[in-house]
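J.: Would you be able to build a 3D model of this:
(2 chains)
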Amino acid sequence: MSLSLPALAAQSADGSKAITAADFDDLVCRYQRKVYRVLLLMLKSPDDADNLTQECFLRAYTTRKTFRGECTVQTWLLRIAVNLARDHVRNRRAGFWRRLLRLDDESTPEPTFDLTSPQPSAERGMLAREELDRVWRAVDGLSERQKEVFLLRFVEDLELKEIAAVLQLSTGTVKAQLFRAVSRIREQVGR
Amino acid sequence: MTEEGSGIGHELPADLASALRADASERSERDDIFWTGQRARIRSRIRARVQQRHPMRVAFAGAVILFLAVLLTAPAGRSPQVMAPPAAEVDADQELLIAVERALASGTPQSLAPLTPFAEPGSNLDERQTIPHKEHGNEE
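T.: All right, here's what the predicted structure looks like:
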């Protein structure tokens, strides 16, 4: 459920305040799973996803006064999360090149979350596990932008308009990116 | 109409999409201890950030108080000792008039003294006697 901050403010005793500490606790409770899931699928590292989820809510707390209710709280939080993930990926890439240039053999590779690891699931019974694994592998091969659009559409089930608001793109661009992503996935999966 | 424009190309097969969603949820699922711990960590990071800002606020408030104290205790404007009195406007005519009056009050100016016997035949002897004395003084 998407809840706007003014609605949260209305719930609090003092309506003049944008958001109270109690409201914020409620907000964390409501959206932490979603934010964590998006970050985990983007970064594939449980530790990074956990750390950036915390960072996302910290940033939301410190910038809560700038939130004017022009979008939903969910859109606002996902926008912060996606921006954090982008920065993190950029830093990780830069770190990789730095390590490579220094030929730093002591550095250990960051532990990553294997999305294709086998886990028993009722849903997985519906489809061959190999097919799902092929999808995740294909998602890995997408560009950052296509991956973001794809995950927000098919994992978070967001509307195109909402995805556009999260990624600060036009709906047309989102459509085009999604089309390319889906075409590529279908190509890989063979459906 | 192209496939991209029609919207068909934007969708995955329904069974695949739902399996993907379920799989993603399952993979990101954590127990309650994890979520509670994460909330606690978020709260502590917020608290740390607020406390980090607190000393800055104290320092800023101190600076403001100091500034106000200096502003209130400092004399308004320049001190009278330092400030030069405004210069009186000097009227040249007035000055000349005053000088003439002073000269008249103090008697005949010395430079005009030799001419006084000619200018004033009835003047007293004392004044005439002073002339040779003055001339003599000049010769010396």
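
J.: The helix or strand harbouring A:Val28: how far from the chain's middle?
T.: A:Val28 is located in helix A:21-43, with elements delineated by DSSP states H and E. For helix A:21-43, the separation from the chain centroid amounts to 10 Å (computed by C-alpha atoms, centre = their mean, to the nearest Å).

J.: Against which helices or strands is that helix packed?
T.: Contact partners of helix A:21-43 among helices and strands, from 3 or more C-beta pairs under 8 Å, 6 or more residues apart in numbering or on different chains; DSSP states H and E: helix A:5-11, helix A:46-62, helix A:73-102, helix A:144-154, helix B:14-28, helix B:32-73. Backbone N, C-alpha and C define where each C-beta goes, glycine included.

J.: A:Ala181 is nearest to which of the ones you listed?
T.: Shortest distance between A:Ala181 and the helices and strands packed on helix A:21-43, using C-beta to C-beta, is found for helix A:144-154: 4.1 Å.

J.: Going by neighbour count, which residues of the helix or strand following the closest one are buried?
T.: Next along the chain after helix A:144-154, taking DSSP H and E as the criterion, comes helix A:160-167. By 16 or more other C-beta atoms under 10 Å in any protein chain shown, the buried positions in helix A:160-167 come out as A:160, A:162-167.

J.: tell me, which of these make contact with chain B?
T.: A:Leu160 (C-beta under 8 Å from any C-beta of the partner chain).

J.: can the helices and strands packed on helix A:21-43 go into a markdown table with extra columns for distance to A:Phe24 and mean pLDDT?
T.: Listed next are the helices and strands packed on helix A:21-43 as a markdown table, based on distance: least, C-beta to C-beta, whole Å; pLDDT from 0 to 100:
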| stretch | distance to A:Phe24 | mean pLDDT |
| --- | --- | --- |
| helix A:5-11 | 9 | 46 |
| helix A:46-62 | 6 | 95 |
| helix A:73-102 | 11 | 86 |
| helix A:144-154 | 24 | 95 |
| helix B:14-28 | 22 | 90 |
| helix B:32-73 | 8 | 84 |
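
J.: so can I have a markdown table of those helices showing mean neighbour count?
T.: Below are those laid out as a markdown table (neighbours: other C-beta atoms under 10 Å in any protein chain shown):
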| stretch | mean neighbour count |
| --- | --- |
| helix A:5-11 | 16 |
| helix A:46-62 | 21 |
| helix A:73-102 | 16 |
| helix A:144-154 | 22 |
| helix B:14-28 | 17 |
| helix B:32-73 | 12 |
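
J.: Kindly reformat those helices as TSV containing distance to A:Arg134.
T.: Shown next, in TSV, are the helices and strands packed on helix A:21-43 (distance: least, C-beta to C-beta, whole Å):
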stretch	distance to A:Arg134
helix A:5-11	41
helix A:46-62	23
helix A:73-102	23
helix A:144-154	14
helix B:14-28	10
helix B:32-73	29
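
J.: Out of those helices, flag the one nearest A:Asp26.
T.: Of all the helices and strands packed on helix A:21-43, helix A:5-11 sits nearest to A:Asp26, with 7.3 Å by C-beta to C-beta.

J.: was I right about A:Leu41 contacting B:Arg21?
T.: No: counting by C-beta atoms under 8 Å, B:Arg21 is not a contact partner of A:Leu41; they are 11.0 Å apart.

J.: one step back: for B:Ala103, find the nearest of the helices and strands packed on helix A:21-43.
T.: B:Ala103 lies closest to helix B:32-73 among those, at 54.3 Å (C-beta to C-beta).

J.: Packing partners of the helix or strand that the closest one is followed by?
T.: For helix B:32-73, the following helix or strand on the C-terminal side (DSSP H and E) is helix B:92-105. Secondary-structure packing of helix B:92-105 (3+ C-beta pairs under 8 Å, 6+ apart): no helix or strand packs against it.

J.: Quick one: name the residues of chain B near chain A.
T.: Contact residues (C-beta under 8 Å from any C-beta) of chain B with chain A: B:3-4, B:7, B:9-13, B:15-28, B:30, B:35, B:38-39, B:41-43, B:45-46, B:49.

J.: What's the separation between A:Thr63 and A:Cys56?
T.: As for A:Thr63, its distance to A:Cys56 is 11 Å (criterion: C-beta to C-beta, to the nearest Å).
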